[in-house]
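*Asks:* prediction below, plus the sequence it came from.
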Amino acid sequence: MDKLQGKERADYIRTMFTRIAGRYDFMNRLMTFGQDIRWRKEVVRRAQLDSSSRLLDIGSGTGDLLREAQKQHPGIRAAGVDFTFEMMKTGRKEDLLDFTAGDALCLPFDDDVFDGVISGFLMRNVIDITRALEEQYRVLKPGGRVVVLDTTRPTKNILWPLVWIHLHILIPAIGKLLSSFGEAYFYLPESTERFITAEELAERMSSAGFSRVGYRRLMFGTVAIHWGEK
């Protein structure tokens, strides 16, 4: 996987998420000890929306963030876009979410459409981070907010041995035991350690045009929430 680039990497990621779609949400709860539920609540809060807002969730997967947005803001006009059909299909088994097939690098929406753009565990999977951020900026209305939840390269501090065990032993072991495609759970720690740091992502957001960029680290520095305004 680490040698794949461009379209080959994108195709591998699509295939991976297709194969794990049915157990994706369950595995997220397990690997984060249920903390991902709280993180998603914070993502929606930081988008600073109301029930009249238009929201886009990019790489929406099974729609966890969309459902959270609907809980916090009943009546909100929320749409999800993802390039893995099976993930969206799995999400629609639970309720009728508004999904659109599309690529984060070329969003199928006009300029200045949404009051908020959010994503959960998308950015480390895109093949062009800068392009993905530029697309998010493009579809946001002036004054709109972007919020990004993703893994981030952990710093090597006193907790690093515990973080390493969690990433390289616990997560792959759970994946092999409970998933039909255990290889996906070797990809997770690899992609986390190869991904840019929280500081670098904040810099790229600023370079893409976002202002008031900020972030906070979670889960021993392995996850971060970033935000910014257009």
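*Replies:* Noted; the coordinates are in hand. It should be emphasised that the depicted structure is a prediction, and the values quoted were computed from it without experimental measurement.
*Asks:* only C-alpha atoms for contact and neighbour calcs from this point on.
*Replies:* Will do.
*Asks:* mind checking the SS state of Arg29?
*Replies:* Using DSSP: H, G, I helix; E, B strand; the rest coil, the structure places Arg29 in helix.
*Asks:* element containing the closest residue to it other than its chain neighbours, please.
*Replies:* Spatial nearest neighbour of Arg29, excluding adjacent residues (Cα to Cα, 6 or more residues apart in numbering): Asp36 at 6.5 Å. For Asp36, the host element (DSSP states H and E) is helix 35-46.
*Asks:* how about that helix as CSV, C-alpha atoms only?
*Replies:* The C-alpha trace of helix 35-46 is given here as CSV (Å, rounded to 0.1, in the frame of the first residue of the first chain):
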residue,chain,number,x,y,z
GLN,A,35,-14.9,8.4,21.7
ASP,A,36,-15.6,9.0,18.0
ILE,A,37,-19.3,9.6,19.0
ARG,A,38,-18.2,12.6,21.1
TRP,A,39,-15.8,13.8,18.4
ARG,A,40,-18.5,13.9,15.8
LYS,A,41,-20.7,15.9,18.2
GLU,A,42,-17.9,18.5,18.5
VAL,A,43,-17.4,18.6,14.7
VAL,A,44,-21.0,19.6,14.2
ARG,A,45,-21.0,22.1,17.0
ARG,A,46,-17.9,23.8,15.6
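*Asks:* what average pLDDT does it get?
*Replies:* If you average the pLDDT over helix 35-46, you get 95.
*Asks:* who does that helix touch, helix- and strand-wise?
*Replies:* Contacts defined by 3 or more Cα pairs under 8 Å, 6 or more residues apart in numbering; DSSP states H and E place helix 35-46 against helix 24-31, helix 64-72, strand 114-120, strand 140-151.
*Asks:* please identify the most buried of these.
*Replies:* strand 114-120 (a mean of 25; mean count of other Cα atoms under 10 Å).
*Asks:* that one: how far from the chain's middle?
*Replies:* 11 Å (Cα atoms, centre = their mean, to the nearest Å).
*Asks:* quick one: contacts of it?
*Replies:* Strand 114-120 has contacts (Cα atoms under 8 Å, 6 or more residues apart in numbering) with 40, 43-44, 47-49, 53-60, 65, 136, 139-141, 143-150.
*Asks:* repeat for stretch 128-146
*Replies:* Under the criterion Cα under 8 Å, 6+ apart, residues 47-48, 104-107, 109-118, 123, 126, 204-205, 208-210, 227-230 lie in contact with stretch 128-146.
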